[in-house]
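1. pasting the sequence and the predicted coordinates here, then a few questions.
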Amino acid sequence: MTAEVSVFAVSCTAKPTGARTLQKERQLGQFLAEVERRALRIAEIGVRDRDDALDLVQDAMIKLVRNYGGRCKDEWAPLFYRILQNGVRDWHRRQAVRNRVMVWFQKAKSDDNDYDVIAAAPDPIGRSPDEELQNSEAMQDMETAVQQLPRRQQEAFMLRTFEGLDVAGTAVAMGCSEGSVKTHYSRAIHTLRDKLGEHWQ
């Protein structure tokens with residue numbers, strides 16, 4: 001067991017050279033391509049503005065490549081989502097400051113109706129129009145309910161459910177303990193079940 005751990009640790013920290021560099025770059029490019037759409041949905045739910053969400057995802061990708069591109073590919077997802085969630089939190093802090101300044105100068109607050117509606121996930125081929133409508137409405141209800149969760153519960157739910165990270169990976173992404181992840185996720189699930197009914201259990 002000790003030998004296996006040592007080999008894994010070396011492979012995770014060693015800097016790739018030559019052919020390994022090209023392979024690592026291809027793997028990183030593939031990871032970013034696969035994660036982009038899901039990350040955008042998560043960012044949109046977090047900030048409710050598509051343009052800002054796009055900026056946050058792009059910034060997270062750049063930081064991942066620049067700071068962690070040499071890490072093992074198994075580490076990329078937790079690190080990427082930690083960067084993204086930090087970006088979302090920074091966005092909210094900036095919005096809070098901006099709103100306080102606007103109130104100070106007696107300017108109107110931004111209207112939530114100005115935010116773009118999060119696009120529903122595309123439906124699989126073969127559904128009837130009625131089924132597509134019901135699915136679209138259900139997804140919209142779910143996303144609205146997720147938006148109303150406290151931020152840490154929202155993060156835990158999206159990372160565990162939408163992205164499929166395990167508890168340990170979610171803890172890395174959120175920058176908290178595994179126990180906190182379990183607590184936030186459990187509370188989010190109970191709240192969503194109460195709001196959305198049996199269909200979402």
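-> Sure thing, it's come through.
2. give me the secondary structure label for the residue nearest to residue 87 when sequence neighbours are not counted.
-> Leaving aside its sequence neighbours, residue 87 sits nearest to residue 56 (Cβ to Cβ, 6 or more residues apart in numbering; 4.4 Å). All C-beta atoms are positioned from the backbone trio N, CA, C, and that covers glycine. Three-state call for residue 56 (DSSP: H, G, I helix; E, B strand; the rest coil): helix.
3. what is the neighbour count of residue 71?
-> When neighbours are counted by other Cβ atoms under 10 Å, residue 71 registers 15.
4. using the three-state scheme, assign it.
-> Quick answer, by three-state DSSP: residue 71 is coil.
5. so it makes contact with residue 80?
-> No - Residue 71 is beyond contact range of residue 80, at 10.5 Å (criterion: Cβ atoms under 8 Å).
6. tell me how far residue 38 lies from residue 152.
-> 19 Å (Cβ to Cβ, to the nearest Å).
7. compare neighbour counts for the two and give me the winner.
-> It is residue 152, of residue 38 and residue 152, that has more neighbours when counted by other Cβ under 10 Å, with 19 against 16.
8. name the element that one belongs to?
-> Following DSSP states H and E, one finds residue 152 within helix 151-157.
9. which residues does residue 175 contact?
-> Contact analysis of residue 175 by Cβ atoms under 8 Å, 6 or more residues apart in numbering lists 82, 85-86.
10. try residue 84
-> The contact partners of residue 84, by Cβ under 8 Å, 6+ apart, come to 39, 42-43, 56-57, 60, 173.
11. quickly note the distance from it to residue 142.
-> Taken as Cβ to Cβ, the span from residue 84 to residue 142 is 20 Å.
12. do the same with residue 74
-> For residue 74 relative to residue 142 (Cβ to Cβ), the value is 29 Å.
13. and those two? Which one has more around it.
-> Between residue 74 and residue 142, residue 142 has the larger neighbour count (other Cβ under 10 Å), namely 18 against 10.
14. that one and residue 192 touch, don't they?
-> Yes - under the criterion of Cβ under 8 Å, residue 142 makes contact with residue 192 at 7.3 Å.
15. residue 85: how many residues sit nearby?
-> As a burial measure, residue 85 scores 26 neighbours (other Cβ under 10 Å).
16. for it, what is the enclosing helix or strand?
-> For residue 85, the element it lies in under DSSP H and E is helix 73-104.
17. next, the buried residues of that helix.
-> Going by neighbour count (16 or more other Cβ atoms under 10 Å), the buried part of helix 73-104 is 76-88, 91.
18. wait, residue 195 sits on residue 146?
-> No - the pair residue 195 and residue 146 does not pass the contact test of Cβ under 8 Å, sitting 9.7 Å apart.
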